[in-house]
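**Q** here is a sequence together with a model predicted from it:
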Amino acid sequence: MKSVLITGANRSIGLETAKQLSEKGLFVYLGSRDLQKGEAIVKELNEKGFQNIKAIEIDVTQPGSISAAKDLIEKEQGKLDILINNAGILGVNPQTAAETPIADIQTVFDTNFFGVISVTQAFLELLKKSESPRISNITSGLGSLTLHNDPSWKYYHVKGAAYGPSKSALNAYTTVLAYELKDSPFKVNVIDPGYTATDFNGHSGPGSVESAASFIVKHTLTGEDAPTGQFYSNDIEDETGISPW
């Protein structure tokens, strides 16, 4: 049975992704900063028939928490097949470039960018033991610099100095990581689940968590011939789903 770790998986898109992967026969580590909350979610899932899901405590901004999660998975599985870096925060609004305090921007980057790097680097050892390792970094259309410079883009006026740039940085890091691992079985991609109605945005998005999670699963459970180093977006209306950077 393949194993997957999903950070920030105790609600919304992360939780739905955990459910869908469990239904496909994977063993899912449901990452949560608060272990009790994670275990409560898993108990509810067990009552609904999900059995191959386990809550694991992981705070992507705390090295000790990441290390403990890695040690637990190594002890139980010996390897990790899939890492989905889903944990993210929006930050304080508004996020004007002229006035947003640096501390507020740093807080967003600590989770959305540096947190992903910390988790990825910690789990690379276990991922390299998998026959078909996958790393999916969950991004946003707001991380696309090309779209941000296109006045015809439907979200052109949605600008911010913290959240969007943190995802642009994540995209850039993923490109470098994918390049470094291109001659290995790894597939490393960024995936934008689309503008989805969640607690994250006050349920303002038009998309459903089911559609968002399905898109993540589709571009994570890929074959040997699948691309690596791509930017997939559920908001791109063509069959490839490939977004401009």
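**A** The structure has been received and is ready for your questions. Numbers count the residues shown, from 1 in each chain.
**Q** ok, Pro244 - contacts?
**A** Shown in contact with Pro244 (CB atoms under 8 Å, 6 or more residues apart in numbering): Ser144, Thr146, Leu147, Phe231. For every residue, glycine as well, the C-beta is placed using N, CA and C.
**Q** quick one: low-confidence ranges for the protein?
**A** Residues of the chain meeting the criterion pLDDT under 70: 197, 200-204.
**Q** quick one: contacts of stretch 91-106?
**A** Applying CB under 8 Å, 6+ apart, the contact partners of stretch 91-106 are Thr107, Val108, Lys159, Gly160, Ala161, Ala162, Tyr163, Pro165.
**Q** over to stretch 209-225?
**A** Identification of contacts with stretch 209-225 by CB under 8 Å, 6+ apart yields 12-13, 15-17, 19-21, 24, 82, 84, 132, 134, 136, 138, 185, 187, 189, 191, 193-194, 196-198, 230, 232, 234, 241.
**Q** how near is the spatially most central residue of the chain to Val190?
**A** The centre of the chain sits closest to Asn86, judged by CA atoms, centre = their mean, with a distance of 2.5 Å. Distance, Asn86 to Val190, by CB to CB, to the nearest Å: 12 Å.
**Q** report the buried members of the contacts of Pro244.
**A** For these, a burial check counting by 16 or more other CB atoms under 10 Å picks out Ser144, Leu147, Phe231.
**Q** now the second one, nearest residue through space, not along the chain?
**A** This points to Leu147. Nearest residue to Leu147 in three dimensions, chain neighbours excluded: Trp153, at 4.6 Å (CB to CB, 6 or more residues apart in numbering).
**Q** assumed the one you found was part of a strand.
**A** No. The assignment for Trp153, made by DSSP: H, G, I helix; E, B strand; the rest coil, is coil rather than a strand.
**Q** pull the number of nearby residues for it.
**A** By other CB atoms under 10 Å, the residues close to Trp153 number 16.
**Q** how near is it to Asp235?
**A** 10 Å.
**Q** quick one: the strands in this protein?
**A** Applying DSSP state E to the chain gives strands spanning 3-6, 27-32, 53-57, 82-85, 134-138, 187-192, 231-233.
**Q** which other helices and strands contact the fourth one?
**A** If contacts are counted by 3 or more CB pairs under 8 Å, 6 or more residues apart in numbering; DSSP states H and E, strand 82-85 sits against strand 3-6, helix 12-23, helix 115-127, strand 134-138.
**Q** tabulate these (TSV), appending distance to Tyr179 and mean neighbour count.
**A** As requested, the helices and strands packed on strand 82-85 are exported to TSV (distance: least, CB to CB, whole Å; neighbours: other CB atoms under 10 Å):
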stretch	distance to Tyr179	mean neighbour count
strand 3-6	23	26
helix 12-23	26	23
helix 115-127	14	20
strand 134-138	13	26
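**Q** much appreciated, bye for now.
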